[in-house]
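*Asks:* I'll drop the sequence and a predicted model, then ask my questions.
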Amino acid sequence: MSQTDDFKRDAGYAAVDRFVESGMTVGLGTGSTAEWVVRRISQGLESGSLKKIIGVPTSERTAQLAGELGVPMTSLARSRPDVVLDGADEISPAFEAIKGLGGALLREKIVAASSGRSLVLVADETKPVEVLGKVSPVPVEVEIFGWEITAEDLASLGCTVTLRFAGEDMSDPYITDGGHYTLDCRFDGVTDPEALETEIKRIPGALECGLFVGLTKAAVVAGENGVVVTERC
């Protein structure tokens, strides 16, 4: 593994050790860092250090991994998460985040919002930033019908909009688990994430955006100096 992969593993393990207790329903995020969360929970169930854990996966990919590793799963209709552990593409000093480059932002936000303010962001040391959106675009999951018009409306907010593609030759539009497109919106920094989130969600066809505001309980960040856990006051 690369050093970055080591940091992702360390952050995922530390997040589970700190915030997951027996009997909990846990929201399971999507992406390379969140995979380590699932693996750590599986280890805990196998060793007996964790008991009666049920996961709520945020994507088909996460559900498949959890199933392979023996982590029991449920749906939001049956149980709301006590805590949600998920990765982030960027994390601001105010615990705001950009998420969704892994392609599951709508389901990630539904699960995070269902838990109240119980989202724990799990990341390597490259993810904390002073201002969101300087490096990562803001993903927006959109209805396929009329997506070109939705893209024009998003661009009017002052960003460059790109349709996300997938496949071996990157020739096909990426389709989310919910059957939608994703538009990556590149701003020159996002100074007011809450206001921008509101503006984006006013656009017909924009189902959800990757700005996560007011949902975070803590951030677990791993790097060369170890793991740092910061909890929101």
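*Replies:* Received the coordinates, thanks.
*Asks:* and the closest residue to A113 other than its chain neighbours, what's its pLDDT?
*Replies:* Closest residue to A113 in three dimensions, ignoring its sequence neighbours and counting by CB to CB, 6 or more residues apart in numbering: L215, at 6.4 Å. Where C-beta positions appear, they are placed from N, C-alpha and C, glycine not excepted. pLDDT recorded at L215 is 97.
*Asks:* for P193, same thing?
*Replies:* In this prediction P193 is given a pLDDT of 98.
*Asks:* against which helices or strands is the longest helix seen in the chain packed?
*Replies:* In terms of residue count, the longest helix belonging to the chain (DSSP state H) is helix 3-19. Here helix 3-19 touches helix 34-47, strand 83-87, strand 119-124, strand 216-223, strand 226-231, going by 3 or more CB pairs under 8 Å, 6 or more residues apart in numbering; DSSP states H and E.
*Asks:* thinking again about what came up before, ok, the residue nearest to A113 touching V111?
*Replies:* No: using CB atoms under 8 Å, L215 makes no contact with V111, being 10.1 Å away.
*Asks:* so which of the two has more stuff around it?
*Replies:* Taking other CB atoms under 10 Å, L215 and V111 do not tie; V111 has more neighbours (24 against 21).
*Asks:* how close does that one get to N225?
*Replies:* According to CB to CB, to the nearest Å, V111 and N225 sit 31 Å apart.
*Asks:* could you do T191 as well?
*Replies:* Distance of T191 to N225, computed by CB to CB: 29 Å.
*Asks:* again, but for A166
*Replies:* Remark: distance between A166 and N225 (CB to CB) = 36 Å.
*Asks:* okay, now the domains of this protein?
*Replies:* 3-128+213-223, 138-208 (automatic domain parsing).
*Asks:* any chance of these in a markdown table with distance to C233 as columns?
*Replies:* As requested, these are arranged in a markdown table below (distance: least, CB to CB, whole Å):
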| stretch | distance to C233 |
| --- | --- |
| domain 3-128+213-223 | 10 |
| domain 138-208 | 18 |
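*Asks:* may I see the buried residues of stretch 22-38?
*Replies:* Buried positions in stretch 22-38, judged by neighbour count with 16 or more other CB atoms under 10 Å: 24-31, 33-38.
*Asks:* and these, which is closest to T126?
*Replies:* T33 (11.1 Å; CB to CB).
*Asks:* residues in contact with the nearest residue to the closest one once chain neighbours are set aside?
*Replies:* Closest residue to T33 apart from its sequence neighbours, by CB to CB, 6+ apart: G87 at 3.7 Å. Contacts for G87 were tallied using CB atoms under 8 Å, 6 or more residues apart in numbering; they are K8, G29, T30, G31, S32, T33, A34, K99, G102, L121, V122, A123.
*Asks:* same check on R39?
*Replies:* G12, L69.
*Asks:* redo that, cut-off 10 Å
*Replies:* The contact partners of R39, taken as CB atoms under 10 Å, 6 or more residues apart in numbering, are R9, G12, Y13, V16, L65, A66, L69, V71.
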